[in-house]
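Asker: got a predicted structure here, sequence first:
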Amino acid sequence: MRRKSFLIVAVLLIASLVLGACAETTEAPTEAPTAEDPWANVTPAKEIVWWHQHTGEERENAINQILSDFNSTNEWGITVTAEYAGSYNDIFQKMLPILNTPEVPDVVAVSYTHLTLPTIYSA
């Protein structure tokens, strides 16, 4: 039984090598296909407002340094302005009435865990 299994595997292996060697060769494409850039017609905003909840001198200094570096070095001329908007809950409450209006900020740092955890633990 063992010898028969070995012979079957050996014959299949040899057959696959022979059939693979008989395959027609194809040449590699000489030119890479050109893909259309989906971002080609996008014009980035020049000014972005970012609402955040970070407080404390160390965090504020870090944010200011990061934004200063980005604002002075990005190749698109984008300027990001950080605005402290209160706690996560404050930001959430501020966002509700202005969604789908021009008053909404461009970027918001918000966490919904403070809203979902009481629901989970009360169940």
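Answerer: Thanks, I have it.
Asker: what is the mean pLDDT for the longest helix belonging to the chain?
Answerer: The residue-count maximum for a helix in the chain (DSSP state H) belongs to helix 2-21. Across helix 2-21, the average pLDDT comes to 73.
Asker: pretty sure residue 82 belongs to a helix, no?
Answerer: No: the assignment for residue 82, made by DSSP: H, G, I helix; E, B strand; the rest coil, is strand rather than a helix.
Asker: for it, what are its contacts?
Answerer: Listed by C-beta atoms under 8 Å, 6 or more residues apart in numbering, the contact partners of residue 82 are 50, 52, 63-64, 67. Just so you know, the C-beta spots here come from the backbone N, C-alpha and C atoms, and that holds for glycine as well.
Asker: and these as a markdown table, adding pLDDT, distance to residue 19 and secondary structure?
Answerer: Listed next are these as a markdown table, based on pLDDT from 0 to 100; distance: C-beta to C-beta, whole Å; DSSP: H, G, I helix; E, B strand; the rest coil:
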| residue | pLDDT | distance to residue 19 | secondary structure |
| --- | --- | --- | --- |
| 50 | 90 | 61 | strand |
| 52 | 89 | 63 | strand |
| 63 | 93 | 63 | helix |
| 64 | 94 | 67 | helix |
| 67 | 94 | 62 | helix |
